[in-house]
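Give me coordinates for this.
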Amino acid sequence: TWVFQVISGGLQVTGMNRPVYWGIFIMSFIYFIGLSHAGTLISAILRVTDASWRRPLTRIAEAITVFVLFIGAGMVIWDVGRPIRALLYLPLHGRFQSPLVWDFAAITTYLTMSISFLYVAMIPDIAHVRDRLKRGRWVYDILALGFQGTKRQWEQYERSMFLLSVAVIPVAVSVHTVVSFIFSMEPKPMWHETIFGPFFVTGALFSGVAAIIVSMFLIRRYYHLEEYLNPRL
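The predicted model follows:
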């Protein structure tokens with residue numbers, strides 16, 4: 001019903017009005033982009049610092065990032081009002097002065113790196129599944145990239161994950177910094193401030209950690225992983 005109201009009534013049903021120029025779509029966009037810091041950023045930091053206790057939660061965190069980034073990016077497309085035109089014209093006629101164009105570039109980069117980060121991290125697991133399948137094994141054989149678990153391959157894997165972790169941290173920080181420009185570039189009291197960048201990144205880290213905690217609780221309860229996801233984490 002609400003989707004029909006948006007289509008028939010336009011963006012006025014999302015709560016946009018003077019002096020509030022950002023309705024529920026941009027609010028949801030900021031929320032989901034903040035949640036995306038749950039995965040790749042936090043997981044990358046834990047990998048760089050070689051925190052051994054991170055292993056049970058990193059895959060959950062990385063999957064959260066990819067999932068919510070798709071949702072967050074979709075909110076921007078809906079907020080434009082005409083999604084088809086936005087997809088066609090934004091890459092061709094987007095103005096560099098617009099924070100939305102910066103968001104588009106930053107989120108695209110972050111999403112690409114997050115998918116790569118998740119995929120590379122899953123290669124040993126994909127190879128593990130491949131070795132135990134009888135049907136459809138060729139699909140996992142392609143995805144595993146010939147990983148056989150040799151000492152050299154494990155060294156290459158650890159090196160690749162470390163380099164990806166180092167590269168993704170500044171990209172993740174830049175994403176929510178750019179998101180804050182949507183508000184900080186408004187000529188409004190208490191909005192036009194340079195503190196918005198660090199403020200948004202800090203808030204995203206808090207919401208990201210909360211997303212990991214909630215997800216771990218649900219997965220632990222539903223899949224009976226009490227021994228693996230234990231309270232000592």
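
part of a strand, is H224?
No - per DSSP: H, G, I helix; E, B strand; the rest coil, H224 lies outside any strand segment and is coil.

Show the backbone phi and psi for it.
H224 has phi and psi values of phi 60, psi 50 when expressed as degrees, to the nearest 10.

next one: the one 3 residues further on
With angles defined as degrees, to the nearest 10, E227 shows backbone torsions of phi -80, psi -30.

and it, how many neighbours does it have?
Using other C-beta atoms under 10 Å, E227 has 7 other residues around it. Where C-beta positions appear, they are placed from N, C-alpha and C, glycine not excepted.

Let's verify the residue in the chain sticking out farthest from the centre: helix, strand, or coil?
Distance to the chain centre peaks in the chain at K134, reaching 33.9 Å (criterion: C-alpha atoms, centre = their mean). The three-state label given to K134 by three-state DSSP is coil.

Relative to Y140, how far out is it?
Distance of K134 to Y140, given as C-beta to C-beta, to the nearest Å: 11 Å.

all strands for this structure, in order.
Under the criterion DSSP state E, strands are not mapped anywhere in the chain.

longest helix anywhere in it?
helix 151-184 (DSSP state H).

Which positions in that one come out as buried?
153, 157, 161, 164-165, 168-169, 171-184 (16 or more other C-beta atoms under 10 Å).

I'd like to know which elements that helix is packed against.
Packing partners of helix 151-184 (3 or more C-beta pairs under 8 Å, 6 or more residues apart in numbering; DSSP states H and E): helix 24-36, helix 40-48, helix 99-130, helix 196-222.

The last one to helix 24-36, inter-axis angle?
Right, helix 196-222. Between helix 196-222 and helix 24-36, the angle comes out at 70 degrees (axes from the mean of the first three to the mean of the last three C-alpha atoms, to 10 degrees).

starting at the chain centroid, how far to helix 196-222?
11 Å (C-alpha atoms, centre = their mean, to the nearest Å).
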